[in-house]
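K.L.:
structure here, sequence nowhere to be found:
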C-alpha cells in the first residue's frame, strides 16, 4: 500500500530527490566551510557553486541569516581593499556543538547507506 | 543615447541606465516582498544588495562604465528570481511539478483561482471591455474586438448598447490584485510582484497583451491588430465629435430637466390649475388630463433625462475631483430604472398627448 502511494506521487523524479538531498546537506556544508576559516558570503558562494550545491546565489543569504539568528554563526565587519566592508562569518560555541552533532549524524548516515549499498 | 541614473548600492556609487534601474528596483522590492515573513528580512535583502554591488564592481573594473539592463538581467539570473529562492519543501515540489508537466499544473491553478470580469486598463481601445472579456475567457483581445466590430457592423445592433452598459457597469482593473483576478491568477504576494515586473517589461517592450505575450504574432494576427488600431482611432474621433455635438444637447437636457421638475412640483401642489394661473398665455390643451398621469409623465421624464445627466455629471466630477466611483449595484439599478422609464414614457407619452394632437388637427384620425 505504501509503495503504491509513493509511486503514485506526481513529483517523484530524480531531479527532485537530488535537490532534496542537496538541500539537507547545505546547512551542514556551510557550517563546515565557515569552521575552516572565517569567510564572507561570496567566498562561500564560490565554494558551494564549485561543489554544485547551489544553483542561484540568492539561496545562501536567507540561510546565513537564519543560522546567525539561531546563534550558530556570528559575523564581524572587515575592511576590504576592493570596496565596502564585508561580513565575515564564523562559528559560535553553540555552532561548534551543533556542527559536532551534525558530523556525527552524517557519519552514521554515511555508514548506513554504505552498509545497505554493499550488502 | 540613453539616460543614466546614479545609485548608491551597498555603499558604492554606480552609473546605471534608467531601464536597468527600474528593473533592479523592482527586483529588490520583489525580494523584500518574498522574504517579508522571514526573520531578518531587511538583512537578507541588504546582504543581497551588497552582493549585487560586488558583481557590478566586477563589471565596472572590467571597463564598463554604465550598468546596462542586460547586465542587471544577468545578475538577477545569477542571484535567482524570488520564486526560485523558496526553500520549503512544498514550494519546491510545486516547482518541479510545474516544470515536469508545465501546462497541466498551470491550468489547474488557473481554474482554481477566482476569475472576474474587469475592464482591462492596460490594453484598451475605448473602454477596455473587449480586452477584459478576452482576459476573462482566455482569448485573443484582437479576436474579441473584431467579433464585436463585425457584429455591430452587420446589423446586430444590440452589441453597442451591451458594450456601453458593460463600460458603465464593469469596473476597471486598477490594482495588481484586480489585474490578477481578471486573468484568473491567484492573488498572492509573489504573483503581485510578478505583475509589477511584467508590467514594466510590457512597457519597455511595447507588447500590448498579456495572454499571448509569450508567442510571436502571426501575420494574420498582426493584420487584425492593425485593423483594430485603425478602427479604434476612428471610433475615438467619432466619440470626441459626438461629445462636442452633445454639449449643447446636454445643456438643453438640463433645461428640460428643470422644466420637468417645475412641472412635477406644479402638478403635485396645484393639480395642474397652477400652470394655467402662472402661464395664462399658453395653450393648455394637453394639460386637460387627469393629474395622476401628469405626475407619472413628469416622473418618467425626470428619470429619463435626469439619470443619464446625473451619471454624466457624476463621472465628470469623479475624474476631476477623485470622487469614489458609483458602486456596481447602484449603476445597475439606475440603468434598469432608466430602461423602465423609457418604456413607460414610450407608452404614456402618446396616450397623453394624443388628445392634444387631435385637438389641433395635426393628426388625421382615420377610422376613429
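P.N.:
Received it, and whenever you're ready, just let me know what you need. Since this is a predicted model, take the numbers as computed values, not measurements.
K.L.:
what is the burial count for residue B:136?
P.N.:
For residue B:136, the neighbour count with other Cβ atoms under 10 Å in any protein chain shown is 19. C-beta: built from backbone N, CA, C; applies to glycine.
K.L.:
Three-state assignment for the closest residue to it other than its chain neighbours, please.
P.N.:
The shortest distance from residue B:136 to any non-neighbouring residue, by Cβ to Cβ, 6 or more residues apart in numbering or on different chains, is to residue B:117 (4.8 Å). Three-state assignment for residue B:117 (DSSP: H, G, I helix; E, B strand; the rest coil): coil.
K.L.:
for residue A:78, same thing?
P.N.:
strand.
K.L.:
okay, now the residue nearest to residue B:136: neighbour count?
P.N.:
Residue B:117, neighbours per other Cβ under 10 Å, totals 17.
K.L.:
any idea how far it lies from residue B:133?
P.N.:
7 Å (Cβ to Cβ, to the nearest Å).
K.L.:
ditto for residue B:261
P.N.:
The value you get for residue B:261 to residue B:133, if Cβ to Cβ is used, is 39 Å.
K.L.:
cool, residue B:258 as well?
P.N.:
39 Å.
K.L.:
my read: residue B:160 touches residue B:152, true?
P.N.:
Yes: using Cβ atoms under 8 Å, residue B:160 makes contact with residue B:152 at a distance of 5.5 Å.
K.L.:
who's in contact with the residue of the stretch 1-150 of chain B found nearest chain A?
P.N.:
The nearest approach of the stretch 1-150 of chain B to chain A comes at residue B:80, 2.8 Å away (Cβ to the nearest Cβ). Going by Cβ atoms under 8 Å, 6 or more residues apart in numbering or on different chains, residue B:80 touches A:55-59.
K.L.:
residue B:160 too?
P.N.:
Counting by Cβ under 8 Å, 6+ apart, the residues that residue B:160 touches are residue B:152.
K.L.:
what residues sit buried inside the one helix or strand it maps to?
P.N.:
Secondary structure assignment for residue B:160, by DSSP states H and E: helix B:159-169. Of the residues in helix B:159-169, B:159, B:163, B:166, B:168-169 count as buried by neighbour count, 16 or more other Cβ atoms under 10 Å in any protein chain shown.
K.L.:
can I assume residue B:345 is in contact with residue B:297?
P.N.:
Yes: if you go by Cβ under 8 Å, residue B:345 and residue B:297 touch, sitting 7.0 Å apart.
K.L.:
neighbour count: those two, which is higher?
P.N.:
Shown here are residue B:345 and residue B:297; by other Cβ under 10 Å, residue B:297 has more neighbours (23 against 19).
K.L.:
the more buried one contacts residue B:341, doesn't it?
P.N.:
No: judged on Cβ under 8 Å, residue B:297 makes no contact with residue B:341 at a distance of 10.3 Å.
K.L.:
by contact count, what packs against whichever helix or strand residue A:42 is part of?
P.N.:
Following DSSP H and E, one finds residue A:42 within helix A:41-50. Counting by 3 or more Cβ pairs under 8 Å, 6 or more residues apart in numbering or on different chains; DSSP states H and E, the packing neighbours recorded for helix A:41-50 are helix A:14-36, helix A:60-69, strand A:83-91, helix B:41-61.
K.L.:
average pLDDT for it?
P.N.:
For helix A:41-50, the mean pLDDT works out to 89.
K.L.:
what sits up against that helix?
P.N.:
A:26, A:29-30, A:33-34, A:54, A:57, A:60-61, A:64, A:86-87, A:89, B:47, B:50-51, B:54.
K.L.:
got it, and stretch B:39-54?
P.N.:
By Cβ under 8 Å, 6+ apart, stretch B:39-54 touches A:41-42, A:45, A:57-58, A:61-62, A:64-66, A:68-69, A:83-84, A:86-87, B:9-12, B:14, B:24, B:28, B:31-32, B:35, B:38, B:75, B:79.
K.L.:
and the residues you listed, which of them are buried?
P.N.:
Buried, going by 16+ other Cβ under 10 Å: A:41, A:45, A:57-58, A:61-62, A:64-66, A:68, A:83, A:86-87, B:9-10, B:14, B:24, B:28, B:31, B:35, B:75, B:79, out of the contacts of stretch B:39-54.
K.L.:
residue A:119 - how many residues pack around it?
P.N.:
5.
K.L.:
which residues in the stretch 101-250 of chain B form helices?
P.N.:
B:102-112, B:129-137, B:141-153, B:159-169, B:176-182, B:189-205, B:219-270 (DSSP state H, counting those that start in this stretch).
K.L.:
these: which one's closest to residue A:17?
P.N.:
Closest approach to residue A:17 among those (Cβ to Cβ): helix B:102-112, 18.9 Å.
K.L.:
one step back: would CSV of the helices and strands packed on helix A:41-50 with distance to residue B:310 be doable?
P.N.:
Output for the helices and strands packed on helix A:41-50, formatted as CSV (distance: least, Cβ to Cβ, whole Å):
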stretch, distance to residue B:310
helix A:14-36, 61
helix A:60-69, 56
strand A:83-91, 62
helix B:41-61, 49
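K.L.:
for residue B:334, find the nearest of these.
P.N.:
helix B:41-61 (47.5 Å).
K.L.:
the inter-axis angle of the closest one versus helix A:60-69?
P.N.:
Taking axes from the mean of the first three to the mean of the last three Cα atoms, to 10 degrees, helix B:41-61 and helix A:60-69 form an angle of 130 degrees between their directions.
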